[in-house]
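Undergrad: this one's sequence-less:
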DNA sequence: GAATCCTGATGACCCAGATCAATCTTCCTG
DNA sequence: CAGGAAGATTGATCTGGGTCATCAGGATTC
């Protein structure tokens, strides 16, 4: 399975898709090595952003989607009356800006919550990518379909769940996503401020603090600042899994 | 611009995509007549459902998306604890089940709110459709991207808007969608019950009634049962357009 | 090391909207 | 067309979580 270029044996650290730990996430499963090469020629890896820097700004002309390689990104938009609304948090292996594929401009801003690296996938000329890489567009459809389902889950959370249910769901969602990355699902650091969590979940910061305190008293979680240890995952799941659709 | 098949001159009433009033919605703009023919061979039009009948059931194996041709459809799922959650209303020209493209099974059920006709678009073999009809997959991506944005708008509505803002937004959304169908944007019949509206918007039925009554007293709307006349669209827009993202 | 800022925790109070209850209206169905 | 059920309206009451206010660490700057 020797690769013609960018092999580790050559000591090259040039970014390449086959070396990228996310290839199974952002690429269709069955991409031939030739296709991989073509992909690499289109995608630009290794964009590094410091905490607070923007990946793109709301209303900028839409050019690319971005796969998060390391770090954490939050997306948010500002409404007419100047209010911020956080629309999502993105961890390594997740793709940003899928919601803007249909529009001329990005529908939200994306900001690094900590030092992050991103892989830029130019989708303004999507036809080209799709023509070159068979199965790519279909894979994209699946990513987007999942994004719709996520977003609908979010609607349910916001319309039916109590503050406790929302926060239990939130912590478990992070846990699952860390596990997917083969990191500890029970001991992790929250990359975002309480303020962002509150905004995202449609709560006041004070409520987040209070519920987290309550969770600690109930021996469900343990916090040291932003470091978080899930003590009783089943307990959290009992709280979170009300109002969750069956069969998936 | 004579059509080779299914022309009106022949007096044929066989369903065909080029005669369908929705062709601009569910088809990419630039489909050649040959492609049109191919599409018709894949799509099955004219499925008729009576009020209360299901298009598909949550957890059924995913086969197709459906374009609404006439009538109105609501989608909902039932959660583990037996609670229903309405996830959307679909009017003619809108496509159902895009959220299930990534999954084996439908993630929700779809039910006719009144006698409705649907066009079935089999997406379980999406590759085939896409291969035969250039531009189709890309069009699908756009539909899905719009669906994500819709769903995010919904999240904002649910997390930030008051009952009055939600209902004003809801009425205006219907108005816009009726206008798109070249029906009156100010005088229409609500195809769904107050109960469904409440559930969809994350409110209690009583709140919907009360707010509608208040809107009537303020001369914003006029109701005769489910018949609805928007008296002061600007007034409604003033209420609705808080917390709406800029620039789109 | 003092001053300032930012994040987070906790207490006191209040309100939008849920819940409960009663009545009225509309729509089926036989 | 009667009678029953579901849908819609309105009033009275209750409460989860928002708002306001205060305080306590950290972190950053000079």
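TA: That came through fine. The model shown is predicted, which means the values in this text are computed figures rather than measured ones. Numbers count the residues shown, from 1 in each chain, chains lettered A, B, ... in the order given.

Undergrad: Could I get the buried residue list for the helix ranked longest in chain A?
TA: Determined from DSSP state H, the single longest helix within chain A is helix A:136-160. Using 16 or more other C-beta atoms under 10 Å in any protein chain shown as the burial criterion, the residues of helix A:136-160 that qualify are A:136-141, A:143-149, A:151-160. (Glycine included, C-beta is placed from N, CA and C.)

Undergrad: Around DNA strand D, which positions in chain A sit nearby?
TA: A:162, A:163, A:164, A:202, A:203, A:204, A:206, A:207, A:225 (C-beta under 7 Å from any atom of the strand).

Undergrad: Keep only these that also lie close to DNA strand C.
TA: Okay, of the residues of chain A next to DNA strand D touching DNA strand C (C-beta under 7 Å from any atom of the strand), that's A:206, A:225.

Undergrad: Who are the contact partners of the residue positioned nearest the centre of chain A?
TA: Closest to where the C-alpha atoms of chain A average out (C-alpha atoms, centre = their mean) is residue A:90, at 2.1 Å. Listed by C-beta atoms under 8 Å, 6 or more residues apart in numbering or on different chains, the contact set of residue A:90 reads A:68, A:72, A:73, A:74, A:75, A:96, A:110.

Undergrad: So what pairs up with it in the strands?
TA: residue A:73 (DSSP bridges).

Undergrad: And stretch A:60-80, end to end?
TA: 16 Å (C-alpha to C-alpha, to the nearest Å).

Undergrad: Ignore what I typed, I meant stretch A:122-130.
TA: End-to-end for stretch A:122-130, by C-alpha to C-alpha: 11 Å.

Undergrad: for stretch A:91-109, same thing?
TA: For stretch A:91-109, the end-to-end distance is 16 Å (C-alpha to C-alpha).

Undergrad: Just the buried residues of it, please?
TA: A:91-102, A:106-109.

Undergrad: Could you identify the helix or strand that succeeds the one helix or strand residue A:195 maps to?
TA: In this structure, residue A:195 sits in helix A:194-201 according to DSSP states H and E. Later in the chain than helix A:194-201, the nearest helix or strand by DSSP H and E is helix A:205-217.

Undergrad: Give the other helices and strands that that following helix contacts.
TA: helix A:163-180, helix A:194-201, strand A:221-224 (3 or more C-beta pairs under 8 Å, 6 or more residues apart in numbering or on different chains; DSSP states H and E).

Undergrad: These into JSON lines, with extra columns for mean neighbour count?
TA: Formatted as JSON lines, the helices and strands packed on helix A:205-217 follow (neighbours: other C-beta atoms under 10 Å in any protein chain shown):
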{"stretch": "helix A:163-180", "mean neighbour count": "19"}
{"stretch": "helix A:194-201", "mean neighbour count": "20"}
{"stretch": "strand A:221-224", "mean neighbour count": "14"}
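
Undergrad: can I get the ones you listed in JSON lines with mean pLDDT and distance to residue B:59?
TA: Output for those, formatted as JSON lines (pLDDT from 0 to 100; distance: least, C-beta to C-beta, whole Å):
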{"stretch": "helix A:163-180", "mean pLDDT": "95", "distance to residue B:59": "21"}
{"stretch": "helix A:194-201", "mean pLDDT": "96", "distance to residue B:59": "28"}
{"stretch": "strand A:221-224", "mean pLDDT": "93", "distance to residue B:59": "33"}
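
Undergrad: closest to residue B:235 out of the ones you listed?
TA: helix A:194-201 (29.3 Å; C-beta to C-beta).

Undergrad: touching DNA strand C at all, the closest one?
TA: Yes. Interface with DNA strand C: helix A:194-201 contributes A:194, A:195 (C-beta under 7 Å from any atom of the strand).

Undergrad: can I assume residue A:38 sits in a helix?
TA: Yes. Assigned with DSSP: H, G, I helix; E, B strand; the rest coil, residue A:38 falls within a helix.

Undergrad: Just give the number of residues close to the spatially closest residue to it that is not a sequence neighbour.
TA: Spatial nearest neighbour of residue A:38, excluding adjacent residues (C-beta to C-beta, 6 or more residues apart in numbering or on different chains): residue A:132 at 4.8 Å. Using other C-beta atoms under 10 Å in any protein chain shown, residue A:132 is surrounded by 14 other residues.
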